[in-house]
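K.L.:
Provide a 3D model corresponding to the input given below.
(one chain, ligands or ions: 4)
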Amino acid sequence: QAKKHGKDRYEVFEPAMREAFQANIELEADLRRAVLRHEFQLRYQPIVHLHTGEITGVEALIRWQHPERGVIPPMEFIPLAEETGMIVPIGEWVLREATSRVAEWNRKRLGPPLSVSVNISAVQLDQTALPQVVRDALDTAGMQPDRLILELTESLLVEHRPATLDRLHEIKRIGVRLAIDDFGTGYSSLAYLRRFPVDIIKIDKSFVDDVVDEPTAAALTHGIIQLGRALQLSTIAEGIEHASQLTSLAGGDCELGQGYYFAEPLTHGALDDLLFPTDVPPSECE
Ligand code: C2E
Ligand code: MG
Ligand code: MG
Ligand code: MG
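P.N.:
Ligands and ions are numbered 1, 2, ... in the order given. Reported below is the predicted structural model:
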């Protein structure tokens, strides 16, 4: 009886497991091909000054343009890219592409140069070559180091090895700035502020979501903003979708923000149009 039960369970679970396993193998093969065939693209989400509405920078967000499956969001392939080490060449491409595009915009643009924020995985930070990769990308792009912001997640900092801290200091010496992404979601966020040489706190979207309706979320959000001020760090609120959230954040002295309320992550062309609106067509001038 027990054996039969075991066999039944085996039969119930095996097909699903095998399917998942095969899907993963397929995705991995596709991902290897994607690296060779340059199937990745970047979107750029504006980061806005909450009091003036001015765009101060952009966050580069990767997309995979799969030939059959269409656009695949990062959450569906970054974990596999990290497991397989493919994040290293992919991440290097992101750094080069993002810095050269934004440097190009800055050369065309009047007014203060935009910053560019790039997400970095733990696997990339494990590479001794990362500081040199960063320097190369900046040199090739012709970008001032302080215009580049590397975004680190708390999980990256939790699992850090001793070498991580040295590498972060080495990167800081280039003049690049560091941000803690999704701040407040990890279990010892405050400890990282002491241990790591960060310049910017990005308040996680989950706080912003509830900042209007939930007194606890509001208190925590405004507490994070005050903490940032006390430590002379800037704060960026993530995932602002409504005017009421903007009012609450700006009233609480949060300096910068990003979210669908201002703009979604935009293609290179769409951001170009936003930064450099073309002249009104001649017919409409008359
Ligand atoms: P993240 O760095 O926290 O990026 C913010 C995410 O929130 C982005 O999702 C963005 O599209 C989304 N978002 C921004 N504003 C709003 C809003 O108002 N409402 C909602 N619902 N969402 C908003 P995306 O582009 O899907 O990226 C997801 C995550 O993937 C990123 O989270 C980041 O951790 C990772 N990622 C993206 N690009 C890269 C990359 O080039 N390298 C690495 N290692 N990770 C990346
Ligand atoms: Mg980010
Ligand atoms: Mg984030
Ligand atoms: Mg996030």
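K.L.:
For residue 208, see how far away residue 245 is.
P.N.:
To residue 208, residue 245 is 6 Å away according to C-beta to C-beta, to the nearest Å. C-betas here are computed from N, CA, C, even on glycine.
K.L.:
Show me whatever sits in contact with both of those two.
P.N.:
Counting by C-beta atoms under 8 Å, 6 or more residues apart in numbering, the common neighbours of residue 245 and residue 208 are 237, 259.
K.L.:
Reduced to three states, what does residue 119 come out as?
P.N.:
Per DSSP: H, G, I helix; E, B strand; the rest coil, the local secondary structure of residue 119 is strand.
K.L.:
for it, which residues make a bridge with it?
P.N.:
Residue 119 has these beta-bridge partners by DSSP bridges: residue 151.
K.L.:
Pretty sure it sits against residue 181.
P.N.:
Yes: between residue 119 and residue 181 a contact is recorded at 6.8 Å, counting by C-beta atoms under 8 Å.
K.L.:
list residues touching both of these two?
P.N.:
151, 153.
K.L.:
now the strands: where do they sit in the stretch 101-250 of the chain?
P.N.:
115-120, 148-153, 177-183, 200-203, 234-237 (DSSP state E, counting those that start in this stretch).
K.L.:
could these go into a markdown table alongside distance to ligand 3, mean pLDDT and mean neighbour count?
P.N.:
Putting those into a markdown table (distance: least, C-beta to the ion, whole Å; pLDDT from 0 to 100; neighbours: other C-beta atoms under 10 Å) gives the following:
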| stretch | distance to ligand 3 | mean pLDDT | mean neighbour count |
| --- | --- | --- | --- |
| strand 115-120 | 8 | 98 | 23 |
| strand 148-153 | 7 | 95 | 22 |
| strand 177-183 | 4 | 94 | 22 |
| strand 200-203 | 5 | 96 | 26 |
| strand 234-237 | 9 | 96 | 25 |
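K.L.:
Export only the CA atoms of stretch 187-207, formatted as PDB.
P.N.:
C-alpha atoms of stretch 187-207 as PDB (Å, rounded to 0.1, in the frame of the first residue of the first chain):
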ATOM      1  CA  TYR A 187      16.400  42.500   7.800                       C
ATOM      2  CA  SER A 188      19.300  44.700   8.800                       C
ATOM      3  CA  SER A 189      19.200  47.600   6.500                       C
ATOM      4  CA  LEU A 190      20.500  50.000   9.200                       C
ATOM      5  CA  ALA A 191      23.700  47.900   9.700                       C
ATOM      6  CA  TYR A 192      24.600  48.300   6.000                       C
ATOM      7  CA  LEU A 193      24.600  52.100   6.300                       C
ATOM      8  CA  ARG A 194      27.400  51.800   8.800                       C
ATOM      9  CA  ARG A 195      29.300  49.100   7.000                       C
ATOM     10  CA  PHE A 196      29.100  50.100   3.300                       C
ATOM     11  CA  PRO A 197      30.200  53.400   1.700                       C
ATOM     12  CA  VAL A 198      26.800  54.300   0.200                       C
ATOM     13  CA  ASP A 199      25.700  57.700  -1.100                       C
ATOM     14  CA  ILE A 200      22.000  57.100  -1.900                       C
ATOM     15  CA  ILE A 201      19.100  55.200  -0.300                       C
ATOM     16  CA  LYS A 202      16.300  54.000  -2.600                       C
ATOM     17  CA  ILE A 203      13.100  53.600  -0.600                       C
ATOM     18  CA  ASP A 204      11.400  50.500  -1.700                       C
ATOM     19  CA  LYS A 205       8.100  50.700  -3.600                       C
ATOM     20  CA  SER A 206       6.300  48.700  -0.900                       C
ATOM     21  CA  PHE A 207       6.600  51.700   1.500                       C
END
